[in-house]
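In: Give the three-dimensional model of this entry:
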Amino acid sequence: MKALVQLKPDRSLEGTITFFEIPKSTNTKQVRCLAKSDNTKAKNSGNESRDPLKPFGDLPTGTYKAVITTAESNDKYGPHKRWVLNALTGDAWTAVHDNGRYSLMIHGGKLRNGKLRPTYGCLRLDDETMEWLAGLGVTSFEIEVRVAA
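Out: Okay, the predicted model is just below:
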C-alpha cells in the first residue's frame, strides 16, 4: 500500500490523503487530513512560525515509511493504533536527522466543531479512517507528503 498527502500552503486548512494499492481492493480511498502544529505548543517550544524543519512545527514534506505501533490507544491519539513516520527523503529527512524532530506520527483523535484538530507536528486523520486503516492488516506503507503550489 502507498499513500499521498496533499496539503494546502495554508496549513490551517485541511488537506487530503489518498491511499493506493490497498490490499484486496482495486479502489483508492481519499479522506481529509490535517498536518498543522498547535500554535501554542510551537510558540512555547521556540518555533512560533511552526517551521516544519524545527521541533513542534508543521509536518515536514518528503517521503516516510509509516509503521504501525504496538502502543495502546488513548484519548490524545484516538481509540485506534497510531503509525510512526520514519523519514526517508526531503524536508522530512532534514527535520529528523539534522534538526532533532521526533515522534512524527499518523493518528486520530476527537474532532473540534467537526474539524480535525492541530497536533504537535503529526498528521491527524479522523477516527473512522484510523479504524479502517487498522483493519487492513497492513503493518507498514510508504507515504509521500506534498504541499500544493
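In: what's the helix or strand of the chain with the lowest mean pLDDT packed up against?
Out: Across the helices and strands of the chain, mean confidence by mean pLDDT, DSSP states H and E is lowest for helix 127-134: a mean of 93. Judged by 3 or more Cβ pairs under 8 Å, 6 or more residues apart in numbering; DSSP states H and E, the packing partners of helix 127-134 are strand 105-107. C-beta here means a position set from N, CA and C on the backbone, and glycine is covered the same way.
In: Just the mean pLDDT for the strand it packs on, thanks.
Out: Per-residue confidence for strand 105-107 averages out to 96 on the pLDDT scale.
In: Residues contacting it, please?
Out: Outside of strand 105-107, the residues within contact range by Cβ atoms under 8 Å, 6 or more residues apart in numbering are 66, 69, 77-78, 82-85, 119, 122-125, 130, 133, 143.
In: Please report phi then psi for the residue nearest to the spatial centre of the chain.
Out: In the chain, the residue lying closest to the centroid (Cα atoms, centre = their mean) is L123, at 2.0 Å. Backbone dihedrals for L123, given as degrees, to the nearest 10, come out at phi -110, psi 120.
In: and it, what does it touch?
Out: Neighbours of L123 in contact, by Cβ under 8 Å, 6+ apart: V5, I17, C33, L34, A35, L59, L85, M105, I106, H107, V145.
In: Please pick the buried ones from the contacts of strand 105-107.
Out: 66, 77-78, 82-85, 119, 122-125, 130, 133, 143 (16 or more other Cβ atoms under 10 Å).
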